[in-house]
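> Provided below are the primary sequence and the corresponding predicted coordinates.
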Amino acid sequence: MQLLDGKVVSAAYKEQIKKEVEERKAAGKKTPHLAAIIIGDNPASRAYVGNKVKTCGELGFNSTLVEYGTDISEDELLTKINELNNVEAVDGILVQLPLPKHIDENKVIATIKPEKDVDGFHPSNLGKMMIGQDTFIPATPYGIMLMLEHYGIETSGKNCVVIGRSNIVGTPMSVLLSRNSEPGNCTVTLAHSRTKNLAEVCAQADIIIAAIGKAKFVTADMVKDGAVIVDVGINRIEDATRKSGTRLVGDVDFENVKEKSSFITPVPGGVGLMTICSLMKNTLKAADNK
Ligand code: NAD
């Protein structure tokens, strides 16, 4: 078993991005600028956004963090997004999900200018991705593609099972892996909550991408010997041995599945780090596109 180590791969990409930003600045080009909007005080969302803003600083980007309480109205939020759409200095805009129930997520995503939609969630960007046009690829699937490429994982002709059909992870992942590209050219099965005999479906997979949101859901009996396992899940479980009383685990039962896999991502230290890295790549691309 070999770890697909998000620390190693993201460090390599971040180094490359940092260098490009330095070159841009030396050539008198504008500094990439990411604006992030966060609503409420969900600790996980706060941690994700905090990491994104911190990474901007590390890579030499500018960043703006806009914070609101959960009492913000949908109109106020849309007005802010429109304002950022029109700020020339801002290259990328992201609104951290999930949003409070009274705010329509689809409306919010559709309000971000596609040229600044560095999360790649806007319908026009997702549509472009579907038909293989150049666009912003959603950060998590993009990060997974970079990870597979970095480790030279052979994907062509392989059976891949993606578990989870969300618009931000599972569905775009299934599209990217079935494309005629490298990595890609997989025969993809997109499994979800209504899939029958999931264990049997998974047992056929050369590659499993788990994006479900259920701790340790993929168990060793579901995995074929030598499979490549990519764990997207981030779940907090109780752990009395930790000072905090909790710890993070993925959607895969790592300790048991690792014995059967050829490659596997850890949680934490796997896909999450790649997600931030590809968000930064998208922001740099947005600045380049100008
Ligand atoms: P989601 O809740 O939108 O989707 C979950 C999917 O899992 C659904 O499509 C559902 O059909 C499927 N599912 C639920 N129960 C199932 C079952 N019993 N069998 C088969 N499929 C089932 O989730 P999401 O936004 O795609 O996120 C999934 C996980 O990935 C979460 O833990 C989330 O925190 C994590 N995540 C991590 C990153 C990262 O950077 N590492 C990024 C995004 C999401």
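Received the coordinates, thanks. None of the values given here were measured: they were computed from a predicted structure.

> Return the residues of the chain in contact with the ligand.
140, 163-166, 168-170, 191-193, 195, 198, 211-213, 232-235, 271-272, 275 (C-beta under 6 Å from any ligand atom). Any C-beta I mention is one placed from the backbone N, CA and C, and that applies to glycine too.

> Just these: which are in strands?
Ile163, Ala191, Asn235 (DSSP state E).

> Would you mind listing which of the residues you listed are buried?
Neighbour counting by 16 or more other C-beta atoms under 10 Å classes Ile163, Ala191, Asn235 among those as buried.

> correct me, but the first one touches Ala199?
No. The pair formed by Ile163 and Ala199 falls short of the contact definition of C-beta atoms under 8 Å, at 11.1 Å.

> Find the closest residue to the ligand in the stretch 1-150 of the chain.
Thr140 (4.2 Å; C-beta to the nearest ligand atom).

> what about that residue, distance to Leu284?
18 Å (C-beta to C-beta, to the nearest Å).

> So between these two, which is more surrounded?
Thr140 (26 against 22; other C-beta atoms under 10 Å).

> pretty sure the more buried one is touching Asp231, no?
No. The criterion here is C-beta under 8 Å, and Thr140 misses it with Asp231 at 11.6 Å.

> Surely Arg247 is in a strand?
Yes. Counting by DSSP: H, G, I helix; E, B strand; the rest coil, one finds Arg247 located in a strand.

> Setting the sequence-adjacent residues aside, check what's closest to it.
Nearest residue to Arg247, sequence neighbours excluded (C-beta to C-beta, 6 or more residues apart in numbering): Asp239, at 4.3 Å.

> mind listing what the residue of the stretch 1-150 of the chain closest to the ligand touches?
By C-beta atoms under 8 Å, 6 or more residues apart in numbering, Thr140 lies in contact with Ile168, Val169, Met173, Ala211, Val232, Val271, Met274, Thr275, Ser278.

> show me what contacts the closest residue to Asn256 other than its chain neighbours?
Residue nearest to Asn256 in three dimensions, not counting chain neighbours: Ala220, with 4.1 Å by C-beta to C-beta, 6+ apart. The neighbours of Ala220, taking C-beta under 8 Å, 6+ apart as the test, are Asp253, Asn256, Val257, Glu259, Lys260.

> Selecting buried members of the residues you listed in ChimeraX, what would you type?
Typed into ChimeraX, the line below selects the buried ones among these, using 16+ other C-beta under 10 Å:
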select :253,257,260
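
> and which of the contacts of Ala220 is nearest to the ligand?
Asp253 (14.3 Å).

> And for the closest residue to that closest one other than its chain neighbours, the neighbour number?
Nearest non-adjacent residue to Asp253, counting by C-beta to C-beta, 6+ apart: Lys216, 4.1 Å away. A total of 18 residues lie near Lys216 under the criterion other C-beta under 10 Å.

> I'd guessed Lys216 sits against Arg247; true?
No. The criterion here is C-beta under 8 Å, and Lys216 misses it with Arg247 at 11.9 Å.
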